[in-house]
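**Student:** No sequence on hand, only this structure:
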């Protein structure tokens, strides 16, 4: 299954449906637990998606899903919308703090700009 396209109309708000539609297993995971409408905000969803990837990284059979997920985040991080890049730095990457094994597993999949952001945020 190909990675979802980077949304163009209000790209920041479109992060939520893009991730939910492209990764249905994420919405069924224990990491995705919306309580109210505020929990469906892009930053909250990005943090939950990161926790989902941390959980996936411990399962060898999920390598294709991890690769597809990181390809999607790489595309989103390449967006011209600064809100997307900020949310990825502040919410997605921060959610990996303390999960060094997952970060090391994902590192080869990160684009150069995203790898640099991981380095800056998690050092």
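**Tutor:** Done, it's in. Here the structure is a predicted model, which is why all the values come from computation and not from measurement.
**Student:** Cross-check the contact I'm expecting between residue 102 and residue 59.
**Tutor:** No: between residue 102 and residue 59 there is no contact under CB atoms under 8 Å: 11.2 Å. In this view, the C-beta of every residue, glycine as well, is placed from N, C-alpha and C.
**Student:** Show me what the helix or strand of the chain with the lowest mean pLDDT packs onto, helices and strands only.
**Tutor:** Every helix and strand in the chain was compared by mean pLDDT, DSSP states H and E; the lowest is helix 11-22, with a mean of 91. Identification of packing neighbours for helix 11-22 by 3 or more CB pairs under 8 Å, 6 or more residues apart in numbering; DSSP states H and E yields helix 24-27, helix 42-57, helix 63-77, helix 82-87.
**Student:** what does the average pLDDT come to for the last one?
**Tutor:** So the one you mean is helix 82-87. The average pLDDT for helix 82-87 rounds to 95.
**Student:** helices and strands around the next helix or strand after that helix, which ones?
**Tutor:** Counting by DSSP states H and E, the next helix or strand C-terminal to helix 82-87 is helix 100-106. Here helix 100-106 touches helix 42-57, helix 63-77, going by 3+ CB pairs under 8 Å, 6+ apart.
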